[in-house]
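Trainee: 3D, please:
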Amino acid sequence: MPQRGEHNYSATVVWTGNSGEGTKHYRAFSRDHEITCGDKPTIAGSADPAFLGDLSRYNPEELLLSSLSACHMLWYLHLCADAGITVSSYEDNAEGRMIETKSGRGHFDKVTLKPIVSIGENDDSDLATSLHEKAHSLCFIANSVNFEVACEPEIRRG
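Mentor: Below is the predicted model:
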């Protein structure tokens, strides 16, 4: 039984890219895979096209970036509701940078969240802006990565 405050997750990733030769050589197989979590809809995954992946499918780097963005958004909306700020729309055009090293390894060195948030006409825009810092400090995913996650919010009225 999980401890109070402990949350466990599971995901199933199944490689669907065996083109008949398995992994006989680097170009012999597709990077396609499917991600499922319980009975939720399947996510079609692949590698980034730079690594012979399918552009029409989500790659792990995009999913990491999306996780950071979504976690920040959910905390931010929670904090705004608690602070009496009415958010009518929220859109984040997040960007991330991954560096490939000479050894063939890679790592993210920075992600920048760029949320555009619309708030009520009479809401405090300074408070709405400052709540992004608090959301960042509370974000479970941002607290789990070892690279910079910056936030450049834009607050709009209406």
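Trainee: only C-alpha atoms for contact and neighbour calcs from this point on.
Mentor: OK.
Trainee: which helix or strand in the protein has the lowest average pLDDT?
Mentor: strand 12-15 (a mean of 92; mean pLDDT, DSSP states H and E).
Trainee: neighbours around His136, how many?
Mentor: 22 (other CA atoms under 10 Å).
Trainee: can you list the buried residues in the helix or strand harbouring it?
Mentor: For His136, the host element (DSSP states H and E) is helix 125-138. Buried residues in helix 125-138, counted by 16 or more other CA atoms under 10 Å: 125, 128-129, 131-133, 135-136.
Trainee: report all helices and strands that that helix contacts.
Mentor: helix 60-83, strand 154-157 (3 or more CA pairs under 8 Å, 6 or more residues apart in numbering; DSSP states H and E).
Trainee: comparing the ones you listed, which comes out most buried?
Mentor: helix 60-83 (a mean of 17; mean count of other CA atoms under 10 Å).
Trainee: quick one, that helix and helix 125-138 angle?
Mentor: 130 degrees (axes from the mean of the first three to the mean of the last three CA atoms, to 10 degrees).
Trainee: with only the CA atoms kept, save the helix holding His136 in PDB.
Mentor: Extracted in PDB, the C-alpha atoms of helix 125-138 (Å, rounded to 0.1, in the frame of the first residue of the first chain):
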ATOM      1  CA  SER A 125      -1.700  41.100 -13.500                       C
ATOM      2  CA  ASP A 126       1.300  41.400 -11.300                       C
ATOM      3  CA  LEU A 127       0.000  38.600  -9.100                       C
ATOM      4  CA  ALA A 128      -0.900  36.600 -12.100                       C
ATOM      5  CA  THR A 129       2.700  36.900 -13.400                       C
ATOM      6  CA  SER A 130       4.200  36.100 -10.000                       C
ATOM      7  CA  LEU A 131       2.200  32.900  -9.700                       C
ATOM      8  CA  HIS A 132       4.300  31.500 -12.500                       C
ATOM      9  CA  GLU A 133       7.300  31.400 -10.200                       C
ATOM     10  CA  LYS A 134       5.300  29.600  -7.500                       C
ATOM     11  CA  ALA A 135       3.900  27.200 -10.000                       C
ATOM     12  CA  HIS A 136       7.400  26.400 -11.200                       C
ATOM     13  CA  SER A 137       8.600  25.700  -7.600                       C
ATOM     14  CA  LEU A 138       5.700  23.300  -7.100                       C
END
